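Peer 1: with the input below, show me the fold.
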Amino acid sequence: MATELNAQDLSGLGFSDQEIQTVLSSANPRERTRLLRGRRGRLLEEVHTAQQRLDRLDYCIYQLRQNRTATSGRERR
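Peer 2: Predicted structure coming up:
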């Protein structure tokens, strides 16, 4: 079963209009695959970057909780 690529799907995957035209105009399946894999790699980098930001944000939340706990413990004494 062959899957046909279309502009709407590619747009939803984050391809620019120029990239969409390049992919759709290529008659070479290897070239299309190369272009799709390139986009996949860039998307994976975005995921990793977002994960690093989440990790840093979680650490900031952890630090605030630790400071709040330490401060409340001192006030009770």
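Peer 1: what's the biggest helix in the chain, counting residues?
Peer 2: helix 29-76 (DSSP state H).
Peer 1: helices or strands up against that one?
Peer 2: helix 17-25 (3 or more Cβ pairs under 8 Å, 6 or more residues apart in numbering; DSSP states H and E). Any C-beta I mention is one placed from the backbone N, CA and C, and that applies to glycine too.
Peer 1: chain center to the longest helix of the chain: distance?
Peer 2: 10 Å (Cα atoms, centre = their mean, to the nearest Å).
Peer 1: what angle separates it from helix 17-25?
Peer 2: 140 degrees (axes from the mean of the first three to the mean of the last three Cα atoms, to 10 degrees).
Peer 1: what average pLDDT does helix 29-76 get?
Peer 2: Mean pLDDT, computed over helix 29-76, is 92.
Peer 1: measure residue 67 to residue 60 for me?
Peer 2: Taking Cβ to Cβ, to the nearest Å as the measure, residue 67 and residue 60 are separated by 11 Å.
Peer 1: quick one, phi psi at residue 26?
Peer 2: Per-residue torsions, residue 26: phi -80, psi 130 (degrees, to the nearest 10).
Peer 1: quick one: contacts for it?
Peer 2: 32, 35 (Cβ atoms under 8 Å, 6 or more residues apart in numbering).
Peer 1: what pLDDT does it get?
Peer 2: In this prediction, residue 26 has a pLDDT value of 93.
Peer 1: now residue 2
Peer 2: So, for residue 2, pLDDT stands at 48.
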